[in-house]
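[1] next comes the sequence, and after it the predicted model I'd like to discuss.
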Amino acid sequence: VLNLSHNLLGEIYSYTFASLTNLQVLDLSHNHIGALGYQSFSRLPNLKLLYLTGNSLRDLGFPAPLPSLDFLLLNDNKLAPSSVSSISQFASNLMHLDLQDNRLTDLEDVSTILTGLKRLRHLFYGGNRIRSCSFSRRVGLNNLTVLDLHSSSLQSVWAQGKCLNLFDNFGHVAGLNLSFNALQSLPQGVFKGLTSVREMDFSEVRFKGKDCSMLFDKLEI
């Protein structure tokens, strides 16, 4: 384990950790990292957990592949929409991905992420500045069990008639967080694909009785 959190690191280079070939946990959270240099994280074949929370990353650049990485925390950065597709290029075996509180704008990212990360179980995507949902087909087959979409402007997206099939292929999801979405109503059948859900967070919404009954039908209490 190497903990370098709460320092003044600004950039990661290919040689920065090259001598630490057996490293499994690297915490770089709460630094000033604005760029990942070409082939950064080289020679870290055993790295399992990488913490990059609370930095200034706008994109991910071209880091070296991390074949053993299970957990990647990128929350509280400045990641732009173009950065999402590059995650699977260097961390294709992730099981846990945290992208909360970035500058992502399109719920299509959820489909993009799950298409590229076949082993993913936990996706934390809430707190982004969602303005649209441009995918028309439902999310492909996946093994996701936890999905966090809090503060994702779902009321606005669904009111436009978009992303109504968002949950159609989430048969393994047991935990779902949709809090702080100002959900005044629910589209008919929007949760029909959530056949395994056990825990749902709808705090800070504006439901009426009819919408609540739709939720209770999905829960096993």
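    Yep, it's here. Residues are numbered from 1 along each chain as shown.

[2] gap between the closest residue to residue 56 other than its chain neighbours and residue 10?
    Distance criterion C-beta to C-beta, 6 or more residues apart in numbering; nearest residue to residue 56, sequence neighbours excluded, is residue 34 at 4.3 Å. (Glycine included, C-beta is placed from N, CA and C.) Residue 34 sits 6 Å away from residue 10, going by C-beta to C-beta, to the nearest Å.

[3] how about residue 141?
    For residue 141 relative to residue 10 (C-beta to C-beta), the value is 41 Å.

[4] next: residue 162.
    Residue 162 sits 39 Å away from residue 10, going by C-beta to C-beta.

[5] what about the two, which has more around it?
    residue 162 (17 against 12; other C-beta atoms under 10 Å).

[6] residue 110: what secondary structure?
    Assigned with DSSP: H, G, I helix; E, B strand; the rest coil, residue 110 falls in the helix class.

[7] and it, how many neighbours does it have?
    Other residues close to residue 110 by other C-beta under 10 Å number 26.

[8] give me the neighbour count for the nearest residue to residue 135 once chain neighbours are set aside.
    Of all residues not flanking residue 135 in the chain, residue 108 sits nearest, at 4.2 Å (C-beta to C-beta, 6+ apart). Residues lying near residue 108 (other C-beta under 10 Å) number 19.

[9] can you pull the contacts of residue 9?
    By C-beta atoms under 8 Å, 6 or more residues apart in numbering, residue 9 lies in contact with 28, 31-33.

[10] rewinding a little: relative to residue 129, how far out is the residue nearest to residue 135?
    Going from residue 108 to residue 129 by C-beta to C-beta gives 14 Å.

[11] cool, and residue 63?
    25 Å.

[12] those two - which one has more neighbours?
    Legend: neighbour count by other C-beta under 10 Å for residue 63 and residue 129, higher for residue 63 (21 against 14).

[13] ok, now which ones touch that one?
    By C-beta under 8 Å, 6+ apart, residue 63 lies in contact with 12, 36, 39-41, 90.

[14] how about it, phi and psi?
    Dihedral angles of residue 63 (phi, psi; degrees, to the nearest 10) stand at phi -70, psi 160.

[15] quick check, pLDDT for it.
    Predicted confidence (pLDDT) for residue 63: 96.

[16] ok, the one 10 residues further on next?
    Per-residue pLDDT puts residue 73 at 99.

[17] right, and it touches residue 57 too?
    No. Using C-beta atoms under 8 Å, residue 73 makes no contact with residue 57, being 11.6 Å away.

[18] pLDDT-wise, which helix or strand of the protein ranks last?
    Across the helices and strands of the chain, the lowest-confidence element by mean pLDDT, DSSP states H and E is helix 209-216, at a mean of 58.

[19] list the contacts for residue 32?
    Per C-beta under 8 Å, 6+ apart, neighbours of residue 32: 8-10, 55-56.

[20] looking at these, which is nearest residue 177?
    Lowest distance from residue 177 to these (C-beta to C-beta) belongs to residue 55, with 23.6 Å.

[21] what's the nearest residue to the closest one if we skip its chain neighbours?
    Closest to residue 55 by C-beta to C-beta, 6+ apart is residue 33, at 4.1 Å.

[22] thinking again about what came up before, can I assume the residue nearest to residue 56 is in contact with residue 55?
    Yes. Under the criterion of C-beta under 8 Å, residue 34 makes contact with residue 55 at 7.3 Å.

[23] of those two, who's got more company?
    Comparing residue 34 with residue 55 by other C-beta under 10 Å, the one with more neighbours is residue 55, at 24 against 15.
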